[in-house]
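> got a predicted structure here, sequence first:
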Amino acid sequence: MVFAYYNRLSPAQKRVYRRSDSVVAVDLPGDHALRRRAEQVGAALSREDRPAVQAACQELADALTSALDIPPVEVRALAARPSKSWGELHGLYTREDASSRPRITVWMRTAVRRQVVAPRTFLRTLIHELGHHLDYELLGLADSLHTEGFYKRESSLMQQIAPFNADFHLQQQVTAVARTAQGRFLVSTSAGTEFDAGSVVIAAGVGAFEP
């Protein structure tokens, strides 16, 4: 399937489009290490720590480009998204010339409400922009176009990297939280379940706590 704008492309661009559309996945070696980097991005984002978010994004990008043996890309994390009449800009990939490093820019907050972007949404934006970098450096394409293949490659990267697919344990209460000797947390529930956690986030509404 081709998108509607395909018919407006030049013959050379159509060749790039078809080549992009034919590649539907990117296999990553060492995806567990990349997943840990992605977890650091989410942790820094939850703290609303922009320098830490940028550093974590750069580490993830460096790990991915190193794993694929392609040139690196610079990552900048900025505050609120820019917006115009067409909407908000989530991320941007730029290549100026052969002498300068390509750059990815991502934004931490929504344009209107200035709310911190959800971790999974933020990570997908970063991976989307990394997908443009891979088009040039891994696939050797002359341009990076939004094709069905491009979005499938983005999804394949998300499936391998994203750490935010959580298991839900319902109809039980947390009965104890104890700090371990290793500095982690042992969380026990009324169902007898125990969790060894690196961090504990409490999100509660009215009536969620009992004496």
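Ah, there it is.

> this protein: helices as residue ranges?
Using DSSP state H, the helices found in the chain span residues 11-22, 31-46, 50-67, 119-137, 148-161.

> which intervals of the chain have sub-threshold pLDDT?
31, 164-170, 181-183, 204-211 (pLDDT under 70).

> middle-most residue in it, spatially?
The residue lying closest to the centre of the chain (C-alpha atoms, centre = their mean) is residue 123, at 1.6 Å.

> so that one sits right up against residue 157, yeah?
No. If you go by C-beta atoms under 8 Å, residue 123 and residue 157 don't touch, sitting 9.8 Å apart. Glycine gets a C-beta too; all of them are placed from N, C-alpha and C.

> separation between residue 74 and residue 194?
Relative to residue 194, residue 74 is positioned 43 Å away (criterion: C-beta to C-beta, to the nearest Å).

> now residue 201
In terms of C-beta to C-beta, residue 201 sits 18 Å off from residue 194.

> the closest residue to residue 42 other than its chain neighbours: how many residues sit nearby?
Leaving aside its chain neighbours, residue 42 sits nearest to residue 119 (3.9 Å; criterion: C-beta to C-beta, 6 or more residues apart in numbering). The tally of other residues near residue 119 (other C-beta atoms under 10 Å) stands at 19.

> look up the closest residue to residue 101, ignoring the ones flanking it.
Spatially, and ignoring its direct neighbours in sequence, residue 101 is nearest to residue 74 (4.9 Å; C-beta to C-beta, 6+ apart).

> what bridges to the one you found?
residue 103 (DSSP bridges).

> residue 195 too?
Bridge pairing for residue 195 - DSSP bridges - gives residue 187.

> and it, how far is that from residue 40?
20 Å.

> who's more crowded, the two?
residue 40 (17 against 14).

> hang on, residue 55 packs against residue 43?
No. Under the criterion of C-beta under 8 Å, residue 55 is not in contact with residue 43, lying 11.5 Å apart.
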